[in-house]
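Enquirer: No letters, just coordinates:
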């Protein structure tokens with residue numbers, strides 16, 4: 001049974017935590033970008049980008065079609081960075097997580113829920129998306145101005161028993177809204193996973209966000225890898241503030 005702290009009222013509807021996503025499809029790509037500009041971009045969060053190679057950070061682009069979940073059906077596009085988990089220091093191996101820097105969606109209910117429950121930086125956008133074709137495509141537009149377009153080519157199937165094909169029991173994600181940085185526990189269970197080296201094409205438009213991403217060199221960067229997931233279930237737990 002949910003307690004009062006587990007329930008949020010969004011547009012007159014009760015949303016109980018953890019929020020469950022019963023069916024979603026995803027296409028994504030990872031890029032190596034200069035660590036300095038990436039760190040400057042997320043400095044407002046107080047988090048530090050992880051550098052798997054000296055001077056390089058990881059930027060992930062993903063688009064998701066939520067077909068069935070507690071927040072209803074909607075489209076979403078994410079710009080995220082691999083970051084060091086706050087508080088891990090000394091001799092311990094530092095955990096990493098995903099900091100969600102930008103998160104346009106195309107429905108108002110999930111916009112309000114995402115911002116008020118988890119502090120996700122959701123904004124409302126037009127998001128034409130095609131996950132039915134061989135190449136998965138999505139665009140993010142505001143008032144007819146394109147911010148970004150992403151196309152992901154098909155990869156090879158990843159058997160469920162191999163690395164990358166298993167259920168990840170818990171992931172660490174982070175958000176920052178109105179000066180407050182939060183940690184959000186997140187679980188995923190994928191099926192129909194395909195992966196490949198490269199395989200993604202980014203086109204940036206004339207929206208201010210496009211200029212921000214262009215400063216990372218994404219308009220000319222080759223993807224490290226790309227992936228698609230035909231069916232994904234997820235849960236999102238309660239957010240906790242990260243001490244400054």
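Expert: Cool, got the structure. Bear in mind that the values here come from a model prediction, so they are computed numbers and not experimental data.
Enquirer: residue nearest the centroid of this structure?
Expert: Centroid check for the chain by CA atoms, centre = their mean gives residue 78 as the closest residue, at 4.1 Å.
Enquirer: Quick one: name whatever helix or strand follows the helix or strand where that residue lies.
Expert: Under the criterion DSSP states H and E, the helix or strand holding residue 78 is strand 74-84. Note on strand 74-84: by DSSP H and E, the next helix or strand toward the C-terminus is strand 96-105.
Enquirer: Name the helix or strand of this protein that has the lowest mean pLDDT.
Expert: Averaged element by element with mean pLDDT, DSSP states H and E, the chain has its least confident helix or strand at strand 168-177 (a mean of 85).
Enquirer: Which strands or helices does that one pack on?
Expert: Helices and strands touching strand 168-177, by 3 or more CB pairs under 8 Å, 6 or more residues apart in numbering; DSSP states H and E, are strand 96-105, strand 180-197. Yep, even glycine has a C-beta here, placed from its N, CA and C like the rest.
Enquirer: mind listing the helices for the protein?
Expert: 35-41, 108-113, 208-214 (DSSP state H).
Enquirer: follow-up on the earlier one: looking at the helices and strands packed on strand 168-177, which is closest to residue 54?
Expert: strand 96-105 (15.8 Å; CB to CB).
Enquirer: The nearest residue to residue 204 once chain neighbours are set aside: neighbour count?
Expert: Among residues not flanking residue 204 along the chain, residue 210 sits closest, at 4.0 Å (CB to CB, 6 or more residues apart in numbering). Neighbourhood size, residue 210 [other CB atoms under 10 Å]: 20.
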